[in-house]
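In: Predicted structure and sequence below. I'll ask about it afterward.
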Amino acid sequence: MNKDIVCIGAGYIGGPTMAVIAKMNPDRKVIVVDINADRIAAWNSEDYSIPIYEPGLVDVVKEVRGRNLFFSTDIKGAVQQCDIVFVGVNTPTKMFGRGSGRASDLQYWEATARSIKEYANGDKVVVEKSTLPVRTAAAMEAILNGGTGNGERGTGIKFTVLSNPEFLAEGTAIKDLLEPDRVLIGGPETEEGRRALEAVVDIYAAWVPREKILTTNVWSAELTKLAANAFLAQRVSSINAIAGLCEATGADVDEVARVVGADRRIGPKFLKAGPGFGGSCFKKDVLNLVYLCETFGLHTAAEYWTGVIRMNQHQQERIVSRLFSAMFNTLANKKIALFGFAFKADTGDTRETPAGTVARLLMEEHVRVTVTDPKALDNARRDLADLPGVVYEEDEYKAAEGADAIVLMTDWRHYPTLDWQKIYDSMRKPALVFDTRNCLDAAELRRIGFRVLNVGK
Ligand code: UDX
Ligand code: ADP
């Protein structure tokens, strides 16, 4: 088996992961391929205008591109050169037919499996990186090995399928990849499976301490990814459920979270109340879990996880209801500026962003919505293309001019350092700030003259 690696899919997972693998394995050639020629051209662009904004990524790409990291549209050539094939293609939630709104849409993934099979010229280790429903590896194995069940197809080419789910979070992807809490690799419990597993362990062992590389069977690895994201999403929904109660009772959710998190069994992370979770993974993975539970007749478990999603949607509806009450029960024709559209700071990604839901709810109330964001305005324009009235403004001060309210949706680090007096002076009075991330100095804002709303206070 040669040591070179191909990754099919040059997206949020494939791009950063392969860049770091190439950086830490200078003796291996790493080729990232994609059917999207524009995307590959962007990865290869001379001025490094790579298609993903991720702190630190461009420096890694500068270091390794052309050294041992290559981006290409030649999927066939790359599959033939490399014996280890990672698959990082998109698996969005299916929006049609059976499992609509819950199951994963596996068409891209299946097309990829079929092209690997078509192009393979020798034995291959195929590594799932995309989040996939449990038992997908078995389906992939069936497609690749022609369903003979003995791990071989007529030509004698053998495919061994492993699961190596990615736990990186956007905005901290490079750090998460360089210093992971753990790397998880699941493999079949056969002789070939063990050999394939060791080959993939070797890639990570170049920089990750061996004890942090955890190996399991394939199904455990697949389910672990869904479970880990579901637990994280559930923590966010749990603290948001407490936030509503804090608002009603006069408790302060940040104080509650600090003390709850001081219990070492619970821990302090992922207890920040806010507008609800967004991002490409949490909702999709929880819905996947729900679909799995239903498939296996575990209806109460399915309902339990559905509650996590319902709570999240409710959190965004509550933001709009509270604005409505605070703004004298009418929002029509008022100007509201959304500060931040990305689903969290340090990323331009807007998939499932709470700001999108809030923008839509406000437009239904005939609000004049202006959106500002330092990295996500292009994505915002695309996401809200069906709402022609929305205004996009790069400059926060201009976005706030004449507004009745500012709703801070994303915790961009520079928002607290803006000149809030200047912003106040340019707004219509009474001027309101709804800080859904509790990141601004509320006392200072009140001193300036703002009316201030927070989540969970
Ligand atoms: C997540 C997982 O963290 C990662 O392991 C997995 O591989 C992919 O999904 P990501 O979606 O990039 O990563 O971001 P994350 O930092 O987990 O945040 C998800 C959402 O939860 C964001 O919208 C964030 O604002 C929100 N969140 C997070 C909170 O509202 N409160 C918190 O305390 C933490
Ligand atoms: P993720 O967040 O999972 O990385 P992205 O949507 O960012 O998802 O990236 C997935 C990438 O996979 C896209 O660039 C898409 O063009 C690519 N892709 C999808 N299907 C195929 C395929 N059959 N062959 C090659 N690349 C594919």
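Out: Ah, there it is. Ligands and ions are numbered 1, 2, ... in the order given.
In: need the contact list for the closest residue to residue 457 other than its chain neighbours.
Out: Closest residue in space to residue 457, ignoring its immediate chain neighbours: residue 252 at 5.1 Å, by C-beta to C-beta, 6 or more residues apart in numbering. (C-beta placed from N, C-alpha, C; glycine too.) Counting by C-beta atoms under 8 Å, 6 or more residues apart in numbering, residue 252 touches 246, 456, 457.
In: please redo it, this time with the cut-off set to 10 Å
Out: 243, 246, 258, 273, 438, 454, 456, 457 (C-beta atoms under 10 Å, 6 or more residues apart in numbering).
In: Then residue 207?
Out: Residue 207 sits next to 20, 21, 23, 24, 25, 177, 178, 179, 180 when contact means C-beta under 10 Å, 6+ apart.
In: Repeat that for residue 254.
Out: Taking C-beta under 10 Å, 6+ apart as the test, what residue 254 contacts is 239, 243, 246, 271, 272, 273, 438, 454, 455, 456, 457.
In: which one among those residues gets closest to residue 66?
Out: residue 272 (40.3 Å; C-beta to C-beta).
In: Is ligand 2 within reach of the helix or strand hosting residue 248?
Out: For residue 248, the enclosing helix or strand under DSSP states H and E is helix 218-249. No - Helix 218-249 does not reach ligand 2 (C-beta under 6 Å from any ligand atom); its nearest approach is 11.9 Å.
In: for ligand 2, what are the nearby residues on the chain?
Out: 8-14, 34-36, 39, 75, 88-90, 108, 111-112, 130, 280.
In: Can you turn the buried part of these into a PyMOL selection?
Out: Here is the PyMOL selection string for the buried members of these, based on 16 or more other C-beta atoms under 10 Å:
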select buried, resi 8+9+10+11+12+13+14+34+35+39+75+88+89+90+108+112+130+280
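In: So which of the residues of the chain next to ligand 2 sit within helices?
Out: In helices, judged by DSSP state H, the following of the residues of the chain next to ligand 2 are found: 14, 39, 75, 108, 111, 112.
In: Make CSV from those residues and add pLDDT to it.
Out: Below are these laid out as CSV (pLDDT from 0 to 100):
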residue, pLDDT
14, 96
39, 97
75, 97
108, 86
111, 90
112, 92
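In: Out of the residues you listed, which comes closest to residue 385?
Out: residue 39 (20.0 Å).
In: Which residue would be the closest one in the stretch 351-457 of the chain to ligand 1?
Out: Relative to ligand 1, the nearest point of the stretch 351-457 of the chain is residue 354 (6.9 Å; C-beta to the nearest ligand atom).
In: Next one, pLDDT for that residue please.
Out: Looking at residue 354, its pLDDT stands at 98.
In: before we move on, what about residue 47?
Out: In this model, residue 47 carries a pLDDT of 97.
In: And for residue 242?
Out: For residue 242, the model assigns a pLDDT of 98.
In: Name all residues that make contact with it.
Out: 251, 253, 256, 257, 260, 271, 273, 456.
In: make it 8 Å
Out: Counted by C-beta under 8 Å, 6+ apart, residue 242 has contacts 253, 256, 257, 273, 456.
In: Most neighbours among these, which one?
Out: Neighbour counts for these peak at residue 273, which has 28 neighbours (criterion: other C-beta atoms under 10 Å).
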